[in-house]
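Undergrad: Sequence and computational prediction follow.
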Amino acid sequence: MSIPFPFSAIVGQHDMKLAIQIVAVDSTVNGILALGDRGTGKSTAVRALADLLPPIKVVKNCPYGCDPKSQGVLCEHCDSLKSGSTASQTQTKPVPVVDLPLGASEDRVIGALDLEKALSLGVKAFSPGLLAKANRGFLYIDEVNLLEDHLVDLLIDVAASGENVVEREGLSVRHPARFVLVGSGNPEEGELRPQLLDRFGLCVEVKTPQELEERILVIKRRDAFEKNPELFQKEWLPANEALRDKILKARKRLDKVIISDDFLRLCSKLCIALGTDGLRAELTLMRATRAYAALEGDKAVEAKHLRVIAPMALCHRLRRDPLDDTGSSARVARALEELAI
């Protein structure tokens with residue numbers, strides 16, 4: 001297994017790193033989209049996430065990593081254990097971060113008939129796909145804007161329901177598939193379909209660093225990592241552990257963070273001013289600002305949190321205005337200023 005680049009060693013890219021920490025604190029923020037130049041560390045940051053998060057408890061031998069305490073959808077394996085005690089049937093495993101390749105077939109993504117068992121044993125068995133592996137973790141799609149339409153439709157359905165249903169080749173399988181969707185890509189190579197774009201809670205722009213010293217530091221750290229990954233990871237272990245501890249503490253205080261009705265009014269006023277469709281924008285603002293406040297150790301969500309989170313939560317939800325060629329980030333900033341937030 002390859003060693004991931006330590007999350008704490010990533011230079012710059014503040015917005016992307018903050019967005020990743022926010023979804024690590026509260027997965028209901030529903031995903032991150034990182035758009036920008038090639039070679040800016042988008043994939044590196046996402047893959048570093050697995051090493052940053054604490055392991056999770058799963059039902060032993062479950063192919064989907066079901067939560068032993070779950071009251072929701074369970075797979076057939078875990079459903080059969082309901083009548084007995086599961087206390088001695090648990091184990092821990094790392095939070096899954098699964099790559100979805102652009103060329104993946106539908107069978108590879110959702111799962112299909114296990115041909116080996118069918119041919120050798122003559123039984124119909126299900127071979128889980130990438131959605132099963134990503135359950136309770138992260139599903140990462142590089143160059144997500146180039147993803148084929150039929151896979152986009154499939155992901156939208158599963159992301160909305162939280163379960164994967166396979167009805168084919170005489171199989172009828174239903175299993176949990178709750179994951180945080182993380183995508184990256186270069187907008188110059190193609191645009192995302194609006195239906196998929198709306199499924200990402202946060203969207204960040206990742207730019208090539210322009211400061212000389214920052215660029216040199218990126219090169220030096222990358223070179224040191226490639227020369228000796230084990231030593232480099234060991235050097236950054238204390239910083240990574242400190243960040244992991246910060247995320248765990250934020251999770252514990254998340255439910256105690258106060259969100260006032262006045263703050264929710266601010267969120268709604270901002271969304272109305274920008275003309276966002278639906279209510280996903282307000283829900284994302286509420287959840288993401290709460291997670292950010294928890295990370296900062298604050299007891300209540302305030303306007304200062306909204307000013308940081310609003311561009312990430314709203315930029316990709318704005319309609320194009322043919323009479324206004326202002327960038328989406330500038331439009332959000334202008335609305336915040338007009339509302340005196």
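TA: On my side now, so go ahead.
Undergrad: Mind jotting down where the helices sit in this protein?
TA: For the chain, the helices defined by DSSP state H occupy 14-25, 42-52, 76-79, 106-110, 115-120, 130-133, 149-161, 194-197, 212-227, 229-253, 261-274, 280-296, 303-314, 328-338.
Undergrad: For residue 31, which of those helices is the nearest?
TA: helix 14-25 (6.8 Å; Cβ to Cβ). Any C-beta I mention is one placed from the backbone N, CA and C, and that applies to glycine too.
Undergrad: Run a quick check on residue 266 versus residue 304, I expect a contact.
TA: No - contact between residue 266 and residue 304 fails when scored by Cβ atoms under 8 Å: they sit 11.6 Å apart.
Undergrad: Comparing the two, which residue is more hemmed in?
TA: residue 266 (22 against 14; other Cβ atoms under 10 Å).
Undergrad: Show me how the record splits this structure into domains.
TA: 7-53+94-206, 256-338 (automatic domain parsing).
Undergrad: Now render these as a markdown table, adding distance to residue 64 and mean pLDDT.
TA: Shown next, in a markdown table, are these (distance: least, Cβ to Cβ, whole Å; pLDDT from 0 to 100):
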| stretch | distance to residue 64 | mean pLDDT |
| --- | --- | --- |
| domain 7-53+94-206 | 5 | 82 |
| domain 256-338 | 25 | 87 |
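Undergrad: I'd like the helices of the chain written out as TSV, with distance to residue 100 added.
TA: Converted to TSV, the helices of the chain look like this (distance: least, Cβ to Cβ, whole Å):
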stretch	distance to residue 100
helix 14-25	17
helix 42-52	12
helix 76-79	24
helix 106-110	7
helix 115-120	22
helix 130-133	6
helix 149-161	8
helix 194-197	13
helix 212-227	25
helix 229-253	24
helix 261-274	30
helix 280-296	22
helix 303-314	23
helix 328-338	26
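Undergrad: Go through those and name the closest to residue 6.
TA: Of the helices of the chain, nearest to residue 6 by Cβ to Cβ is helix 229-253, at 3.7 Å.
Undergrad: So which residues make contact with the closest one?
TA: Helix 229-253 has contacts (Cβ atoms under 8 Å, 6 or more residues apart in numbering) with 3, 6-9, 21, 24-26, 51-54, 221, 224-225, 291, 294-295, 297.
Undergrad: What of stretch 27-34?
TA: 16, 19-20, 22-23, 42, 45-46, 144, 159, 180-185, 192, 197, 199-204, 206, 284, 287-288, 291, 316.
Undergrad: next one: stretch 159-178
TA: When contacts are defined by Cβ under 8 Å, 6+ apart, stretch 159-178 is touched by residues 30, 64, 66, 70, 72-76, 110-113, 124, 126, 128-129, 131-132, 134-136, 158, 179, 181, 199.
Undergrad: Pull out the buried positions in that stretch.
TA: For stretch 159-178, the neighbour count (16 or more other Cβ atoms under 10 Å) marks 159, 163-164, 166, 173, 175-178 as buried.
Undergrad: Can you get me a residue count around the closest residue to residue 69 other than its chain neighbours?
TA: The shortest distance from residue 69 to any non-neighbouring residue, by Cβ to Cβ, 6 or more residues apart in numbering, is to residue 57 (7.9 Å). Counted with other Cβ under 10 Å, the neighbours of residue 57 add up to 14.
Undergrad: Show the contacting residues for residue 57.
TA: Counted by Cβ under 8 Å, 6+ apart, residue 57 has contacts 67-69, 90-92.
Undergrad: Present those as CSV; the columns should include neighbour count.
TA: Listed next are the contacts of residue 57 as CSV, based on neighbours: other Cβ atoms under 10 Å:
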residue, neighbour count
67, 20
68, 16
69, 9
90, 14
91, 14
92, 9
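Undergrad: In strands, which of these fall?
TA: 90-92 (DSSP state E).
Undergrad: Which single one of those residues is nearest to residue 273?
TA: residue 92 (46.2 Å).
Undergrad: The closest one against residue 60, yeah?
TA: No - if you go by Cβ under 8 Å, residue 92 and residue 60 don't touch, sitting 10.1 Å apart.
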